[in-house]
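Asker: Okay, structure incoming, though there's no sequence with it:
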C-alpha cells in the first residue's frame, strides 16, 4: 500500500471504531485512548487525524450523513413530488434509525455546532434544499403544482416537517417519523381551503379586531 | 410580610438576578454565589429554592415562557385563522427577541431537557397545540377551512414552522422569523395545487418506479 492509501485506510479504521464507541457508550464515555487501542494505532495517530474528540465525532457523523444524502438524492424515483420527497424522507430516517444514539447527538450538534462544522452542516442543508426546490419546479412545470407556487418556500416547509419529526423521534420516540413527514407534506401540498372557494386572500368572515 | 410571602418574594428576586446573569454572561459563566450576593441572600438560600444551576435556569426560562404563552393565548384577536396564528407568532418571537442569549439556551434545553423539565415543556407544547387545533376547528366551522381538514395536523404544521424559524433565528440570525412562519403558514393554508384541478390524490403524470 502506498503511504497516502495507508493514511486513508488508518483514518477510515479509526472512524469506524469511533462510531461504534459513540453509538454504544455515548459521547461522554467514549475515550480516545480506547478507540486508538481497538483500532490498533497509537493515541497520537488518532490525534494526528482528528484534533480532539469533538472533531472525531463530527467527522464520524458528517461523512456518513454526506454519503447517505448523496445516495438518497441519487436514487430519487420517477413519480409525483409527494412520492419523490417520501423517498428522501424514508432514506434519511432509515439512516437515523440505524444509529439512534448518534442521531440524537447529531441533532444537537447540527443545531448548535461551531465552525467549521456549522458551515458544513449549513452547506449540506442548502444543497438538499436546492435539490428539493428543483424537484418542485419540475412538478410545477408538469402541472402538478400551481405555476405561481413558491417552490423555494415549499422546500423550507419540507425541512420544517423533517426537523420537527426528527425532534419528535429523538425526544419521545415517535414510532414513525417518516410517516409524520409524509402526512404533513400531503396536507401542505393538498391545501386546506374548501374545494369550491376561489383562490383568494380575502377572509370569508369579516375581520373584527378588538380595539386595544 | 408573612413568612410565605417573604419566601415567594425571595424566590422572585433570585430569579430576576439569575435571568440577568444568564442573559449577559451565558449559562457557563453564571455563578450561583454571585447571583446570591447580588440578590442579597446567602448562597444556601438560593440552593434552598433551586437544586442547582440547571434548575435555576429552567425556572428562569419556564416561568417567563409560561406567562408569555398565557398572555398570547389570552389576547387572540377576532379574524381569520391566519391572522390569529400570526398574533401568537409575533408575541412569542417578540419574547425571544427580548432575551436572545436565553432563547438560544431555551431552544437547546427544550429540545434536550431531562425530567422534570422535559415533561413540563411537553405539557406546554401540548396545551398550545390544543388551542391551535381549537382555533382551526372554529375556522373550519366558519367555512374558512375545508370541513374534512385535519386541524390537529394543521397544528403540528404550525409547530414545525415555528421551531424551524426559531432555529433559523438562533443559528444564523434570520432577520424576521415571525414573518417566515407567516409565509409558510399562508402557503400551507392556501395549498399549492393548481386552482382548476379537482381535489384528488391521483397523480397527473404516470408513476414510473424504477425497478430496484
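Answerer: Received, thanks. Not measured: the values here are computed from a predicted model. Numbering: from 1, shown residues only, chains lettered A, B, ... in the order given.
Asker: The residue nearest the centre of chain A: what secondary structure?
Answerer: Central residue check for chain A by Cα atoms, centre = their mean: the C-alpha nearest the mean position is that of residue A:92, 6.4 Å away. What DSSP: H, G, I helix; E, B strand; the rest coil gives for residue A:92 is helix.
Asker: How much space separates it from residue A:8?
Answerer: Separation of residue A:92 from residue A:8 (Cβ to Cβ, to the nearest Å): 27 Å. The C-beta positions use only the backbone N, C-alpha and C, and glycine is treated the same way.
Asker: same thing with residue A:141?
Answerer: With the distance defined as Cβ to Cβ, residue A:141 ends up 43 Å from residue A:8.
Asker: just residue A:42 next, same as before
Answerer: Taking Cβ to Cβ, one finds residue A:42 at 18 Å from residue A:8.
Asker: Buried ones in stretch A:138-154, by neighbour count?
Answerer: A:139-140, A:144-146, A:149-151, A:153-154 (16 or more other Cβ atoms under 10 Å in any protein chain shown).
Asker: starting at the chain centroid, how far to the helix or strand where residue A:180 lies?
Answerer: Counting by DSSP states H and E, the element that carries residue A:180 is helix A:177-190. Its chain's C-alpha centre and that of helix A:177-190 lie 16 Å apart, by Cα atoms, centre = their mean, to the nearest Å.
Asker: how about the helices of chain A, start to end?
Answerer: Along chain A, the segments classed as helices by DSSP state H run A:3-25, A:32-39, A:43-49, A:53-74, A:81-98, A:100-112, A:117-141, A:151-172, A:177-190.
Asker: Mind putting those helices into TSV with mean pLDDT?
Answerer: Converted to TSV, the helices of chain A look like this (pLDDT from 0 to 100):
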stretch	mean pLDDT
helix A:3-25	92
helix A:32-39	96
helix A:43-49	95
helix A:53-74	89
helix A:81-98	95
helix A:100-112	75
helix A:117-141	90
helix A:151-172	92
helix A:177-190	94
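Asker: Out of the ones you listed, flag the one nearest chain B.
Answerer: Ranking these by proximity to chain B (Cβ to the nearest Cβ) places helix A:151-172 first, at 3.8 Å.
Asker: Please name every helix or strand in contact with that closest one.
Answerer: On a contact count with 3 or more Cβ pairs under 8 Å, 6 or more residues apart in numbering or on different chains; DSSP states H and E, helix A:151-172 meets helix A:81-98, helix A:100-112, helix A:117-141, helix A:177-190, helix B:100-112, helix B:151-172, helix B:177-190.
Asker: Need these in a markdown table (columns: distance to residue A:15).
Answerer: Shown next, in a markdown table, are these (distance: least, Cβ to Cβ, whole Å):
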| stretch | distance to residue A:15 |
| --- | --- |
| helix A:81-98 | 16 |
| helix A:100-112 | 12 |
| helix A:117-141 | 15 |
| helix A:177-190 | 26 |
| helix B:100-112 | 25 |
| helix B:151-172 | 26 |
| helix B:177-190 | 36 |
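Asker: and residue A:55, which of the ones you listed is closest to it?
Answerer: Among the helices and strands packed on helix A:151-172, helix A:117-141 comes nearest to residue A:55, with 8.7 Å by Cβ to Cβ.
Asker: is any part of that closest one close to chain B?
Answerer: Yes. Using Cβ under 8 Å from any Cβ of the partner chain, helix A:117-141 comes into contact with chain B via A:118, A:122.
Asker: Mind listing residues that contact that helix?
Answerer: If you take Cβ atoms under 8 Å, 6 or more residues apart in numbering or on different chains as the criterion, helix A:117-141 is touched by A:58, A:62, A:65-66, A:69, A:73, A:76, A:80-81, A:84-85, A:88, A:109-110, A:113, A:145-147, A:149, A:151-152, A:154-156, A:158-159, B:171-172.
Asker: What's the PyMOL line that selects buried ones from these?
Answerer: Filtering the contacts of helix A:117-141 down to the buried ones (16+ other Cβ under 10 Å) takes a single PyMOL command:
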select buried, (chain A and resi 58+62+65+69+73+76+80+81+84+85+88+109+110+113+145+146+149+151+154+155+156+158+159) or (chain B and resi 171)
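Asker: which ones are touching residue A:22?
Answerer: Counting by Cβ under 8 Å, 6+ apart, residue A:22 touches A:30, A:57, A:60, A:101-102, A:105.
Asker: repeat that for 6 Å
Answerer: Contact partners of residue A:22, counting by Cβ atoms under 6 Å, 6 or more residues apart in numbering or on different chains, are A:30, A:102.
Asker: And for residue A:73?
Answerer: residue A:131.
Asker: how does it look with 8 Å?
Answerer: A:88, A:128, A:131.
Asker: measure the first one to residue A:31 for me?
Answerer: Taking Cβ to Cβ as the measure, residue A:88 falls 36 Å from residue A:31.
Asker: need the contact list for the closest residue to residue A:164 other than its chain neighbours.
Answerer: What sits nearest to residue A:164 in space, not counting adjacent residues and going by Cβ to Cβ, 6 or more residues apart in numbering or on different chains, is residue B:160, at 3.8 Å. Residues near residue B:160 by Cβ under 8 Å, 6+ apart: A:157, A:160-161, A:163-164, A:184.
Asker: Check which residues of stretch A:124-138 are buried.
Answerer: Quick answer for stretch A:124-138 (16+ other Cβ under 10 Å): A:128, A:131-133, A:135-137.
Asker: Could you chop chain A up by domain?
Answerer: Annotated domains of chain A cover A:1-50, A:57-190 [automatic domain parsing].
Asker: quick one: residue A:101 and residue A:30 touch, right?
Answerer: No. In this structure residue A:101 lies outside contact range of residue A:30 using Cβ atoms under 8 Å: 10.5 Å.
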